[in-house]
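> Just a sequence and a predicted model for now, questions to come.
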Amino acid sequence: MELLNNKNELLFHRPLSSPLLDSVEVHSPDGKIQRVFGGGERIFEVLVPDDENATHISLVGEELDQKKRKAKAAQGSTELARFEIPKGKEGGKQ
């Protein structure tokens, strides 16, 4: 994850350990743990500094599509998603 300002300058970087893997551990109340494979929606949390100069958070990593990943392998990581940081009433500082 990268925290960026309005000039796309890097303010903070946090490496993650594959938050978009195609499998997850599911823990049931009886203590059983199983690995579930498959696509679908993924949710994860990342803590970043509360920097008043930050305007966006960018998820950077390998291409998710296997065919595109092979084609872009030499290029390394790419921006997978970008999220605007809300300001004011919804997002904290004004």
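Alright, I've got the coordinates.
> C-alpha only now, for contacts and for neighbours.
Fine.
> my guess is residue 54 meets residue 10, correct?
No: using CA atoms under 8 Å, residue 54 is not in contact with residue 10; the gap is 9.0 Å.
> Now the common contact residues for these two.
Common contacts of residue 54 and residue 10 (CA atoms under 8 Å, 6 or more residues apart in numbering): 3, 4.
> So for those two, which sits in the more crowded spot?
It is residue 54, of residue 54 and residue 10, that has more neighbours when counted by other CA atoms under 10 Å, with 21 against 15.
> so how far is stretch 37-49 from its chain's centroid?
Computed by CA atoms, centre = their mean, to the nearest Å, the chain-centroid distance of stretch 37-49 equals 7 Å.
> ok, now stretch 47-64?
Distance, centroid of stretch 47-64 to centroid of chain: 8 Å (CA atoms, centre = their mean).
> Just the buried residues of that stretch, please?
By 16 or more other CA atoms under 10 Å, the buried positions in stretch 47-64 come out as 54, 55, 56, 57, 58, 59, 60, 61, 62, 63.
> contacts for that stretch?
Under CA under 8 Å, 6+ apart, the answer for stretch 47-64 is 1-6, 11-12, 14, 69, 72, 76-86, 93.
> what are the C-alpha coordinates of it, in PDB please?
The C-alpha coordinates for stretch 47-64 follow below in PDB (Å, rounded to 0.1, in the frame of the first residue of the first chain):
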ATOM      1  CA  LEU A  47      -3.400   1.000   8.900                       C
ATOM      2  CA  VAL A  48      -1.600   4.100   7.500                       C
ATOM      3  CA  PRO A  49      -0.500   7.300   9.100                       C
ATOM      4  CA  ASP A  50      -3.000  10.200   9.400                       C
ATOM      5  CA  ASP A  51      -1.100  12.600   7.200                       C
ATOM      6  CA  GLU A  52      -2.900  15.800   6.300                       C
ATOM      7  CA  ASN A  53      -1.000  16.000   3.000                       C
ATOM      8  CA  ALA A  54      -2.300  12.500   1.900                       C
ATOM      9  CA  THR A  55      -5.000  12.500  -0.800                       C
ATOM     10  CA  HIS A  56      -5.000   8.900  -2.100                       C
ATOM     11  CA  ILE A  57      -4.100   5.300  -1.000                       C
ATOM     12  CA  SER A  58      -2.800   3.000  -3.800                       C
ATOM     13  CA  LEU A  59      -2.800  -0.800  -3.800                       C
ATOM     14  CA  VAL A  60       0.300  -1.800  -5.700                       C
ATOM     15  CA  GLY A  61       1.300  -5.400  -6.700                       C
ATOM     16  CA  GLU A  62       1.400  -8.000  -9.400                       C
ATOM     17  CA  GLU A  63      -1.300  -8.100 -12.000                       C
ATOM     18  CA  LEU A  64      -4.200 -10.200 -10.800                       C
END
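> Before I go, just wanted to say thanks for your time.
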